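Student: Curious how this folds, go ahead:
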Amino acid sequence: MIGAALDFPSKTLDQDYTTLTMGAAYNTQSFANAILYFRNVINDVQFSLFHVGDGRLRFRFQALPGSPISALSAPSSYVINNNRWYYFEMQATLDGGPPAHVVASARVNGVEFLTWDYTHASLGAAGMAFRYVTMEAPGGGLKATYDDLYVTDTEFLGDVRIGVLYPNAVGDSSAWTPNSAGANYTKVMEHPADDNVTYVAAASTGLKDLYNLDDIDPAFVGTIKGVQALWCVVKSDEGDAAVKGLWKSSGTEIVQASGHNFLPPNGYYPSATSYLYNIQTERKSLFTAADWTKTEINALQLGITRTV
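Tutor: Residues are numbered from 1 along each chain as shown. Okay, the predicted model is just below:
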């Protein structure tokens, strides 16, 4: 869960996207500023799902700071209340042109309530696309709370719930060295990461660690819309070092693919100063190319291998 006051949570994406879709559960104390917005690099174009001020919403298309252009869609007929949870999704496709052209739609609790097709003749730059996503809050001492956030490059996922599974047992490989007594998985089952307090290390290439994970809540029913793995790593010695993630299910082991999710050919090169995340997100199963299943994920092992 994310609470926003004056510091707006923001994410820089791995590349430019002409189409973005973003969804999040949202609860606000006041009808001010935007709920969700996308930004680009060229002209700092901002596109947002914006509060009208009376519980209605509209789209805003804005360019700052060099060319202060702002356009607003007609307000929605749909009205929200303060201090109540909603699940909002926004999708926008930006054609920089020139002229700049955007097509957008928004949903609340899975139902479309706002659309806009807008062209601004005086604004545009070839190759214009989105690079940042941001959530806002009303400010003035009031806050908004967000939860269950997702971002895709095309698809509406609907009102989703995001769960976290942590390592809970040793897997089929334990070749990395723990920094203190105890099984390897106990050094990485962190809530949150404790950096150099507990960790495992690989002194040479080819070493692998795998970990079993928590099971999905038995009460869960529905479609699994994706899986994201995170490996929190740092480089501790001089020289080159790189890693790749490992996925194993029902005896099949898959190494994180080079080029996939923009991973360099030899893997992820960790920082020498800070623990940072190597992230791999998979909408469909790596093993079947179909939707992930509960049985498949409950049998999943995640791990890491040193490649350089």
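Student: Show me how this protein divides into domains.
Tutor: 2-152, 167-306 (automatic domain parsing).
Student: Which stretch among those domains is buried most, on average?
Tutor: domain 2-152 (a mean of 17; mean count of other Cβ atoms under 10 Å). Bear in mind the C-beta positions are built from the backbone N, C-alpha and C, glycine included.
Student: roughly how far apart are the closest residue to residue 258 other than its chain neighbours and residue 242?
Tutor: In this structure, residue 258 finds its nearest non-sequential neighbour in residue 265, 4.5 Å apart by Cβ to Cβ, 6 or more residues apart in numbering. Remark: distance between residue 265 and residue 242 (Cβ to Cβ, to the nearest Å) = 9 Å.
Student: you'd agree residue 52 is up against residue 31?
Tutor: Yes - in this structure, residue 52 is within contact of residue 31 by Cβ atoms under 8 Å, at 7.0 Å.
Student: And residue 8, what's its pLDDT?
Tutor: For residue 8, the pLDDT comes out at 69.
Student: Isn't residue 56 up against residue 79?
Tutor: Yes - judged on Cβ under 8 Å, residue 56 makes contact with residue 79 at a distance of 5.5 Å.
Student: Okay, and the beta partners of the closest residue to residue 152 other than its chain neighbours?
Tutor: Closest residue in space to residue 152, ignoring its immediate chain neighbours: residue 21 at 4.8 Å, by Cβ to Cβ, 6+ apart. Applying DSSP bridges to residue 21 gives these bridge partners: residue 91, residue 152.
Student: one step back: would you list the domains of the chain in TSV and tack on distance to residue 158?
Tutor: Shown next, in TSV, are the domains of the chain (distance: least, Cβ to Cβ, whole Å):
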stretch	distance to residue 158
domain 2-152	5
domain 167-306	8
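Student: and residue 161, which of those is closest to it?
Tutor: domain 2-152 (5.6 Å; Cβ to Cβ).
Student: wait, residue 284 sits on residue 293?
Tutor: No - look at residue 284 against residue 293 with Cβ under 8 Å: they stay out of range, at 11.1 Å.
Student: Break down the stretch 151-300 of the chain into its helices, ranges please.
Tutor: With DSSP state H, counting those that start in this stretch as the criterion, the stretch 151-300 of the chain has helices at 294-298.
Student: Following the helix or strand of the chain with the lowest mean pLDDT in sequence, what is the next regular element?
Tutor: Least confident helix or strand of the chain, by mean pLDDT, DSSP states H and E, is strand 2-4 with a mean of 44. The helix or strand immediately downstream of strand 2-4 is strand 10-17, counting by DSSP states H and E.
Student: helices and strands around that next one, which ones?
Tutor: Using 3 or more Cβ pairs under 8 Å, 6 or more residues apart in numbering; DSSP states H and E, the elements in contact with strand 10-17 are strand 130-135.
Student: on that earlier part again, would you single out the least confident of the domains of the chain?
Tutor: When the domains of the chain are compared by mean pLDDT, domain 2-152 comes last with a mean of 88.
Student: Test my guess that residue 103 contacts residue 119.
Tutor: No - look at residue 103 against residue 119 with Cβ under 8 Å: they stay out of range, at 9.8 Å.
Student: all strands of the stretch 201-308 of the chain, in order?
Tutor: Listed in chain order, the strands of the stretch 201-308 of the chain (DSSP state E, counting those that start in this stretch) span 208-213, 227-233, 243-249, 252-255, 276-282, 301-306.
Student: As JSON lines, these with distance to residue 174 would be great.
Tutor: Listed next are these as JSON lines, based on distance: least, Cβ to Cβ, whole Å:
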{"stretch": "strand 208-213", "distance to residue 174": "6"}
{"stretch": "strand 227-233", "distance to residue 174": "16"}
{"stretch": "strand 243-249", "distance to residue 174": "12"}
{"stretch": "strand 252-255", "distance to residue 174": "15"}
{"stretch": "strand 276-282", "distance to residue 174": "20"}
{"stretch": "strand 301-306", "distance to residue 174": "9"}
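Student: Great, nothing more from me.
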